[in-house]
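1. give me coordinates for this.
(chains A and B)
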Amino acid sequence: MSAVAAQRPRARRSFVASTWTLVKRHVLTVYSILFFAYLMLPIVVVALFSFNNPVGQFNYTWQGFTWNNWRYWNGVPGIQSAIVLSLEIAFIASLAATALGSMIALALVRYRFRFRAATNILIFLPLSTPEIVLGASLLTLFLHFTFVPFGFWTILIAHIMFCISFAVVTVKARLIGFDRHLEEAAMDLGANEFVTFRKVTLPLIAPAVLAAFLLCFAISVDDFVVTYFNSGASVTFPIYVWGAARIGAPAQVNVIGTAIFVIAISGALANVLIQMRRAKHA
Amino acid sequence: MRSIEYAGIATAIAFLVSYPVAYWIAFRGGRWKNLLLLFIIAPFFVTYLIRTLAWQTILADHGFVVNTLQNLHVLGSGGRLLATGTAVVAGITYNFLPFMALPLYVSLEQIDPRLIEAAEDLYANKIRAFLRVTLPLSLPGVVAGTLLTFIPAAGDFINAQLLGGPDNHMIGNVIQSKFLELSDYPAAAAMSFILMGAILAFVAIYAFIVGTEQLTGTAV
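-> Presented below is the predicted three-dimensional model:
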């Protein structure tokens, strides 16, 4: 119908203008859809090949559908212990980094102390250094600290080290928008500093602390480069994948990758959907 | 230096590819914005190595992409993508794309659409309005995105190892093998420092060109 309208000279100008905006909008939309398809492509491939029934040791070409990789997810030697180690380290490292990071964030926002600026820079340093330099420096450090054997402890120390920065940044962002009058009010009502912290400050920053913990956990589980340099003979999941990749990664790697993705994305998706619903009702 | 070259190309491509999408989400996303952003960071939920291995599968010889390109005669019949510089750059671009798209989105989202309308009221055409208003206002995001992409990309060795061949090794590969395979610690430590120095120099030049206050205001 609009095409008919276009034939009339008087409507022509506005029609050209409107088609132009229409085309432009659609070009952007189509382009964005393609972009998202591109982003999703490897994920789809990973998921798809977790159902592959590979012949030989290479999992590159599609051979047929099977549930076996999922049923025997730990059917490859070493994979289960690698996952357990990754989770252990991620849990302890995130806990420690979040606790320390929250305290640093509180100190940085609340107090003016002598090395405040220097601390700020130190916190940002690990975030802006290439991982390989970070890993290499830690390796050099641990080579001199011969009393710490390479393995669990070196990985843990390294992970706590770089996770602290992420925790500080996350908690700090929340603290900057924090209304200190609430604390003063608690104090006026007779609460001492400790009770104020526990009943007022902590509940208010809790979402940021939780976010910091989850972020640290995700980064720690996923970290390869720093771990690779400092792991000694210990094998975390990414290191297992790296070793397996050289001789052809088993389909079980895809199974774990897909499982992690599904768990993480459903959590995030639920969060976003709840937010959207809340925004709609408000 | 090949590392700087690959990282530079990957950063440039990532910028060109993700700017329109960031623009689209920021101005047309509406209430779906958060959901779309989630999709942008979705690749992070798959382990870095597994993501890169997936590209190995996609770009593999006799794979779908290679076959299509051969049929279109973009690639010679014996041509391959795996173990070439192209594959390495493609891998880096993909892996660091969210680092580029998110800062771009943040800065584009803050732009008041009325400013663009005002420019159009003042007889700027769309392109001019974009070049004179939208692009300069999103510059902080461009700076942050470029740095967040370039710095880790320059030190990356996983893409070069898994997607490239021996000719495509980046400085990260050299550091890695010197440290862990040859145990040549002094040389490896020196190279790490050269890498850091090169990146700092690059950042300094970049800061000089775009202006320091942009950098300190938004880089982290």
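
2. spatially nearest residue to the residue of the stretch 101-250 of chain A found nearest chain B (excluding sequence neighbours)?
-> Of all residues in the stretch 101-250 of chain A, A:P130 sits closest to chain B, at 2.6 Å by C-beta to the nearest C-beta. Using the backbone N, CA and C atoms, a C-beta is placed for each residue, glycine as well. Once flanking residues are discounted, A:P130 sits nearest to B:G155: 2.6 Å by C-beta to C-beta, 6 or more residues apart in numbering or on different chains.

3. one step back: tally of neighbours for the residue of the stretch 101-250 of chain A closest to chain B?
-> Residues lying near A:P130 (other C-beta atoms under 10 Å in any protein chain shown) number 26.

4. go ahead and confirm it touches B:F150.
-> No: using C-beta atoms under 8 Å, A:P130 is not in contact with B:F150, being 9.9 Å away.

5. which residues are in contact with each of the two?
-> With contacts defined as C-beta atoms under 8 Å, 6 or more residues apart in numbering or on different chains, the residues shared by A:P130 and B:F150 are B:I199.

6. spatially nearest residue to A:F142 (excluding sequence neighbours)?
-> A:F142's closest residue in space is A:T154 (C-beta to C-beta, 6+ apart), at 5.2 Å.

7. contact partners for that neighbour?
-> Taking C-beta under 8 Å, 6+ apart, one finds A:138, A:142, A:148, A:230-232 in contact with A:T154.

8. so for residue 126, what's the pLDDT?
-> No chain in the question, so chain A it is. pLDDT for A:P126: 79.

9. you answered for a different chain; I wanted chain B.
-> Reported pLDDT for B:K126: 73.

10. where does it sit relative to chain A, distance-wise?
-> Distance of B:K126 to chain A, given as C-beta to the nearest C-beta, to the nearest Å: 8 Å.

11. just give the number of residues close to that residue.
-> 14.

12. kindly report the same for the one 5 residues further on.
-> With neighbours defined by other C-beta under 10 Å, the count for B:L131 comes to 13.

13. ok, now B:G30?
-> 8.

14. also B:P136?
-> 12.

15. where does chain B dip in pLDDT?
-> B:1, B:61-64, B:67-68, B:71-81, B:83, B:165-168, B:210-220 (pLDDT under 70).

16. my guess is A:T146 is in a strand, correct?
-> No: residue state for A:T146 (DSSP: H, G, I helix; E, B strand; the rest coil) corresponds to coil; a strand is not indicated.

17. coming back round to it: what's the residue of the stretch 101-250 of chain A closest to chain B sitting at in phi/psi?
-> With angles defined as degrees, to the nearest 10, A:P130 sits at phi -60, psi 140.

18. pLDDT wise, what is it at?
-> 79.

19. and the gap between B:S183 and A:F147?
-> 20 Å (C-beta to C-beta, to the nearest Å).

20. give me the helices and strands touching the helix or strand in which A:Y38 is found, please.
-> Assessed by DSSP states H and E, A:Y38 sits inside helix A:9-49. Judged by 3 or more C-beta pairs under 8 Å, 6 or more residues apart in numbering or on different chains; DSSP states H and E, helix A:9-49 is in contact with helix A:2-7, helix A:251-281, helix B:2-28, helix B:33-41, helix B:48-59, helix B:85-109.

21. list the residues that contact the residue in chain B positioned nearest to chain A.
-> Of all residues in chain B, the one sitting closest to chain A is B:G155 (2.6 Å; C-beta to the nearest C-beta). Going by C-beta under 8 Å, 6+ apart, B:G155 touches A:130-133, B:3, B:171-172, B:195, B:199.

22. the residues you listed in helices, which ones?
-> A:131-133, B:3, B:171-172, B:195, B:199 (DSSP state H).

23. now render these as a markdown table, adding distance to B:T146 and neighbour count.
-> Putting those into a markdown table (distance: C-beta to C-beta, whole Å; neighbours: other C-beta atoms under 10 Å in any protein chain shown) gives the following:
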| residue | distance to B:T146 | neighbour count |
| --- | --- | --- |
| A:E131 | 18 | 23 |
| A:I132 | 20 | 29 |
| A:V133 | 19 | 23 |
| B:S3 | 16 | 23 |
| B:I171 | 19 | 25 |
| B:G172 | 19 | 29 |
| B:L195 | 18 | 25 |
| B:I199 | 12 | 23 |
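
24. which residues touch the residue nearest the centre of chain A?
-> With distances taken as C-alpha atoms, centre = their mean, the residue of chain A nearest its centroid is A:A218 (4.3 Å). Listed by C-beta under 8 Å, 6+ apart, the contact partners of A:A218 are A:264, B:44-45.

25. can I get the CA coordinates of the helix or strand where it lies in PDB?
-> In this assignment (DSSP H and E), A:A218 forms part of helix A:202-222. Taking C-alpha atoms only, helix A:202-222 is exported to PDB below (Å, rounded to 0.1, in the frame of the first residue of the first chain):
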ATOM      1  CA  LEU A 202      26.900  -5.100  55.600                       C
ATOM      2  CA  PRO A 203      23.200  -5.600  54.500                       C
ATOM      3  CA  LEU A 204      23.500  -2.600  52.300                       C
ATOM      4  CA  ILE A 205      26.600  -3.700  50.500                       C
ATOM      5  CA  ALA A 206      25.700  -7.300  50.500                       C
ATOM      6  CA  PRO A 207      24.500  -7.400  46.900                       C
ATOM      7  CA  ALA A 208      27.900  -6.000  45.800                       C
ATOM      8  CA  VAL A 209      29.800  -8.500  48.000                       C
ATOM      9  CA  LEU A 210      27.800 -11.300  46.400                       C
ATOM     10  CA  ALA A 211      28.400 -10.000  43.000                       C
ATOM     11  CA  ALA A 212      32.100  -9.700  43.700                       C
ATOM     12  CA  PHE A 213      32.100 -13.300  44.900                       C
ATOM     13  CA  LEU A 214      30.400 -14.600  41.800                       C
ATOM     14  CA  LEU A 215      32.700 -12.600  39.600                       C
ATOM     15  CA  CYS A 216      35.800 -13.900  41.300                       C
ATOM     16  CA  PHE A 217      34.400 -17.400  41.100                       C
ATOM     17  CA  ALA A 218      33.800 -17.100  37.400                       C
ATOM     18  CA  ILE A 219      37.200 -15.600  36.700                       C
ATOM     19  CA  SER A 220      39.000 -18.100  38.800                       C
ATOM     20  CA  VAL A 221      37.400 -21.100  37.200                       C
ATOM     21  CA  ASP A 222      38.100 -19.700  33.800                       C
END
